[in-house]
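>>> I would like the atomic coordinates for the input below:
(one chain, ligands or ions: 1)
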Amino acid sequence: MIREKLKKAREYEASAAKKIADEERPLFHLTPMAGWMNDPNGFSIYKGKVHQFYQYYPYETAWGPMHWGHAVSEDFVKWDFLPAAIAPDEAYDNFGCFSGSAVEMQDGRQMLVYTAVKESDGEDGEKIIRQTQCVAYGDGVDYEKYEGNPVIDASTLPEGWSKIDFRDPKIWWDKDEKCYYLVAGNLTDDASGAIVLYRSEDTRNWSFVTVLDRCRNEYGKMWECPDFFELDGRHVIMTSPQFMKARGIEFHNGNGNIVIIGDYDKASHEFTREYVNAIDFGLDFYAMQTLEMTDGRRIMTAWMQSWESSRVVPEGQKWFGQMILPRELSIKDGKLYQLPVREINNYRSGHREFKNVYLGKTEKLQGVEGRVWDMELEVSPNGSDIYKSFKVELVSENDYHTDIVYVPSEGVLRFDRTYNGFANDILSKRDIPVRYDGGKIKLRILLDRFSVEIFVNDGEQAFSAALYTPEKIDDVRFSSNGAARMDVDFWKLTF
Ligand code: FRU
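Residues are numbered from 1 along each chain as shown. The predicted structure is shown next:
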């Protein structure tokens, strides 16, 4: 049975979506059907299709009582909207259906597990917030919340841990043990984050297993949206810490993102941490979530937005929030590598190739322009001296430009969107640490109408940022300070 609140949301989103023309949306990044989107939820495969749910408030381009929006794809690139999946319509989730995940069950149903946020009045009139984990079962379109919800509450946690900050369950099916596991984030008794592991055989009864890892005030505070999976023989935790403190150019202040690579002893459930790093160095990246593709690839998506700049919506824009183009993950030399899903290559057209372009003064390359494209370039010093800097200016013309500058002597790739055309003073600059390789650097840049994603040295670093430059601004310019040489492969992306 579709309850009233969900019915209303579905009717509203259908009519609001009709008022958003295709030209007003990105071409290959998922946006909400209407209104507001934040975290990806339930990124998973169900009956052979990719499902992507998301934190959703259809009625405004601002965060509100959270629903789950829903879209499906065959290839991570083109998405079809489905009606909103769940709405905050129960006493236990009256404040919102927060983030969570999805899994194809052994009996063929699709299960959603989410954080229910309940607000109630305390004895002195104060508001009490409680977060619990709840489930809903469905057929890929319609879902029924389980009548025994919530299935996990904070009483199962270690003594003194938070009932207010206990959220974002990520579920998976363990085919060896034939049971479900999930991880969730909690704010512990030392006022910083932890990731807790739960186990269930039937999806309704869950038992607390262990604390997989703890922040201990080292990487921010609350750890939101955790994920845990095996990759290339190692085990990986990903989480989005709140209130990070900047550290060099590795971590920035505020809502961050980290990957923890280590080993996991399945018998004792002990995770040993070995390496911690930022996942994406961009201005807009948070709340990543992964799935295992039917061919074994581990694919990650994320919200391509920062909370810090999320309160300013570009004038006239009828949606807010977008997802990254999903990425294929791997581990090399103990580090995380990321590349855009290979399916995007199917949309490349009009290949242009330039070899040995000698750089100095600013130049344009014939046919290298537009607003939706994919470009690979490799820059090297020309001669024995290493150039001081190399620059690509994107979406450039008149007063507009967005710059990517490589400074080999500093080991830094510098991004600056100050002149992208957004009329609010959002954070615009950030440095990405880049391994020094004798002045050589490889970049892959994907541009869509409202964003840019950059991959450095075959996926060693990644960077995402939203852009708001008017669509007719579409030049690309290259220059260097000092003698440099570059090879370029450029494709338009057409859909
Ligand atoms: C992360 C987050 C989650 C929460 C959701 C609420 O961006 O704060 O922890 O579940 O957003 O919309």
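>>> mind listing the strands in the stretch 201-350 of the chain by residue range?
Taking DSSP state E, counting those that start in this stretch to define them, one finds strands in the stretch 201-350 of the chain at 207-214, 223-231, 234-241, 258-265, 270-278, 286-292, 298-303, 319-320, 327-332, 335-340, 348-359.
>>> report the contact partners of the residue nearest the centre of the chain.
Nearest to the geometric centre of the chain sits residue 302, at 1.0 Å (Cα atoms, centre = their mean). Going by Cβ atoms under 8 Å, 6 or more residues apart in numbering, residue 302 touches 40, 257, 279-280, 285-289, 323-324, 464. In short, each C-beta sits where N, CA and C put it, glycine included.
>>> pull out the buried members of those.
Neighbour counting by 16 or more other Cβ atoms under 10 Å classes 40, 257, 279-280, 285-289, 323-324, 464 among the contacts of residue 302 as buried.
>>> which single one of those is nearest to the ligand?
residue 287 (4.5 Å; Cβ to the nearest ligand atom).
>>> one step back: which of the contacts of residue 302 are close to the ligand?
286-287 (Cβ under 6 Å from any ligand atom).
>>> turn the contacts of residue 302 into TSV, including pLDDT and distance to residue 128.
Listed next are the contacts of residue 302 as TSV, based on pLDDT from 0 to 100; distance: Cβ to Cβ, whole Å:
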residue	pLDDT	distance to residue 128
40	98	29
257	98	30
279	98	34
280	98	36
285	98	33
286	98	27
287	98	25
288	98	31
289	98	29
323	98	33
324	98	36
464	98	37
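>>> just want the residue of the stretch 101-250 of the chain that's nearest the ligand.
As assessed by Cβ to the nearest ligand atom, the ligand sits closest to residue 224 within the stretch 101-250 of the chain, at 3.7 Å.
>>> what bridges to residue 353?
residue 489 (DSSP bridges).
>>> ok, it to residue 345 distance?
Applying Cβ to Cβ, to the nearest Å, the value for residue 353 to residue 345 is 15 Å.
>>> can you give me the domain boundaries for the protein?
In terms of domains, the chain is parsed into 4-342, 344-493 (source: automatic domain parsing).
>>> can I get stretch 437-449 in CSV, CA atoms only?
In CSV, the C-alpha atoms belonging to stretch 437-449 read as follows (Å, rounded to 0.1, in the frame of the first residue of the first chain):
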residue,chain,number,x,y,z
ASP,A,437,57.8,12.4,-11.7
GLY,A,438,60.6,14.5,-13.4
GLY,A,439,58.0,17.1,-14.6
LYS,A,440,55.7,14.5,-16.2
ILE,A,441,52.0,14.5,-15.4
LYS,A,442,49.0,12.7,-16.9
LEU,A,443,45.6,14.1,-16.5
ARG,A,444,42.2,12.9,-17.5
ILE,A,445,39.5,15.6,-17.3
LEU,A,446,35.7,15.0,-17.7
LEU,A,447,33.6,18.1,-18.2
ASP,A,448,29.8,18.2,-17.9
ARG,A,449,27.5,21.2,-18.0
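>>> burial of residue 325, as a residue count?
23 (other Cβ atoms under 10 Å).
>>> residue 343 is in contact with that one, correct?
No: Residue 325 is not in contact with residue 343 according to Cβ atoms under 8 Å; the separation is 9.4 Å.
>>> what's the closest non-adjacent residue to the residue nearest to the centre of the chain?
What sits nearest to residue 302 in space, not counting adjacent residues and going by Cβ to Cβ, 6 or more residues apart in numbering, is residue 288, at 3.7 Å.
>>> which positions in the chain make contact with the ligand?
Residues of the chain found near the ligand (Cβ under 6 Å from any ligand atom) are 38-39, 55, 66, 98-99, 115, 167-168, 224-225, 286-287.
>>> tell me the helices and strands packed up against the helix or strand harbouring residue 103.
Assessed by DSSP states H and E, residue 103 sits inside strand 96-104. Counting contacts by 3 or more Cβ pairs under 8 Å, 6 or more residues apart in numbering; DSSP states H and E, strand 96-104 packs against strand 35-46, strand 49-57, strand 110-121, strand 127-138, strand 166-174.
>>> the first one pairs with which strands, and in what direction?
Strand 35-46 has the following strand partners under DSSP bridges: strand 49-57 (antiparallel), strand 319-320 (parallel).
>>> tell me the most buried of those?
Of all these, strand 49-57 has the most neighbours on average by mean count of other Cβ atoms under 10 Å, namely a mean of 25.
>>> quick one on the thing from earlier: turn the residues of the chain next to the ligand into JSON lines, columns for distance to residue 147.
Listed next are the residues of the chain next to the ligand as JSON lines, based on distance: Cβ to Cβ, whole Å:
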{"residue": "38", "distance to residue 147": "28"}
{"residue": "39", "distance to residue 147": "26"}
{"residue": "55", "distance to residue 147": "24"}
{"residue": "66", "distance to residue 147": "21"}
{"residue": "98", "distance to residue 147": "20"}
{"residue": "99", "distance to residue 147": "23"}
{"residue": "115", "distance to residue 147": "18"}
{"residue": "167", "distance to residue 147": "22"}
{"residue": "168", "distance to residue 147": "23"}
{"residue": "224", "distance to residue 147": "28"}
{"residue": "225", "distance to residue 147": "27"}
{"residue": "286", "distance to residue 147": "33"}
{"residue": "287", "distance to residue 147": "29"}
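>>> of those, which is the most crowded?
Using other Cβ under 10 Å as the neighbour test, these are led by residue 168, with 31 neighbours.
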